[in-house]
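Colleague: Provided below for reference: sequence and predicted model.
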Amino acid sequence: MQAVILCGGLGTRLREETEFRPKPMVSVGEHPVLWHIMKHYSVHGITDFIVVLGYKGDVIKRYFLEYELQNCDVTLELGKGGILTKHDQHGEADWRITLANTGAETLKGGRIKRIEKYIEGDIFLATYGDGLSNVDITKLIAFHKSHGKIATVTGVNPAARFGELRVDGDRIMRFAEKPEKPRDYINGGFFVFDRRFFDYLTPDEHCDLETGAFEELAQNGEMMIFRHDAFWGCMDTQRDADWLRSLWESGKAPWKTW
């Protein structure tokens with residue numbers, strides 16, 4: 001199964017960090033937040049990633065193209081055509097990563113539609129490139145398969161600046177984007193989609209995800225919630241970044257499941 005990671009946004013609320021790099025490349029410890037997300041997926045056997053690029057996508061491309069050199073000991077023999085010998089392996093040796101340019105200003109729905117050609121199965125995963133969690137991906141997938149609907153959204157504890165999910169049992173009845181007074185679970189990313197989801201999207205750069213596709217899915221009874229009451233954190237502001245870094249440095253980062 002493949003995991004799509006949305007990494008194309010401008011990150012305007014984190015301008016101190018994102019002026020020269022995209023938000024998923026903001027570091028937590030020695031690695032960018034994107035790496036932390038991928039490590040968590042890999043614990044559950046998900047190692048085939050489609051990284052959806054936009055703003056400063058070249059930074060992410062360079063990071064992965066140079067990953068082997070930066071994370072292994074090497075011997076370089078100069079004057080012999082640059083013969084390079086790699087002496088060890090890192091813990092990400094089985095990862096397969098597709099780096100897909102989807103336009104500098106394309107909204108999230110359009111970005112996902114533009115990578116449809118890379119999706120190989122009937123079900124795929126997706127999440128935002130700035131959210132960390134210890135959500136049980138294996139149970140999330142099993143839940144999605146159990147209900148037969150098009151989409152599953154991981155619902156997490158509320159915060160005023162994020163979209164709220166109005167639910168009835170396990171069915172999402174309404175997708176409310178950034179309500180003034182949230183009372184229920186919010187959209188925490190970590191989605192599971194059937195291929196039928198692509199029918200709700202267009203490759204147009206103005207095709208959004210939360211406003212549009214998600215609203216239509218909810219109205220049609222095709223979106224379900226997977227409740228996650230443990231850790232979830234989003235790197236949305238400098239304060240968020242500092243908080244996530246402090247958790248990592250304490251050695252007690254809840255999302256470190258590997």
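Modeller: Structure's in. What do you need?
Colleague: where in this protein is pLDDT low?
Modeller: 158-164, 176-183 (pLDDT under 70).
Colleague: hmm, try it at 90
Modeller: By pLDDT under 90, the weakly predicted segments of the chain are 9-21, 68-69, 72, 74-90, 93, 157-186, 235-237, 239.
Colleague: for it, just list every one of the helices.
Modeller: Ranges of helices within the chain are 15-18, 33-43, 57-65, 67-71, 108-114, 137-147, 215-219, 238-249, based on DSSP state H.
Colleague: just say which of those is most tucked in.
Modeller: Mean neighbours per residue, mean count of other Cβ atoms under 10 Å, is largest over the helices of the chain for helix 108-114, with a mean of 24. Heads up, the C-betas are built off the backbone N, CA and C, glycines and all.
Colleague: starting at the chain centroid, how far to it?
Modeller: On the basis of Cα atoms, centre = their mean, to the nearest Å, helix 108-114 sits 13 Å off its chain's mean C-alpha point.
Colleague: now do stretch 77-87
Modeller: The answer for stretch 77-87 is 36 Å, by Cα atoms, centre = their mean.
Colleague: what does stretch 39-56 give?
Modeller: 7 Å.
Colleague: tabulate the helices of the chain in a markdown table, adding columns for distance to Ile83.
Modeller: Output for the helices of the chain, formatted as a markdown table (distance: least, Cβ to Cβ, whole Å):
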| stretch | distance to Ile83 |
| --- | --- |
| helix 15-18 | 38 |
| helix 33-43 | 29 |
| helix 57-65 | 19 |
| helix 67-71 | 14 |
| helix 108-114 | 39 |
| helix 137-147 | 40 |
| helix 215-219 | 53 |
| helix 238-249 | 38 |
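Colleague: out of the ones you listed, which comes closest to Thr202?
Modeller: helix 108-114 (5.9 Å; Cβ to Cβ).
Colleague: residues in contact with that closest one?
Modeller: Applying Cβ atoms under 8 Å, 6 or more residues apart in numbering, the contact partners of helix 108-114 are 4, 6, 8-9, 52, 54, 100, 102-103, 106, 126, 197-198, 200-210, 212-213.
Colleague: which one of the helices of the chain lies nearest to Arg174?
Modeller: With Cβ to Cβ as the criterion, Arg174 lies closest to helix 215-219 of the helices of the chain, at 5.6 Å.
Colleague: I'm done for today, thanks for sticking with me.
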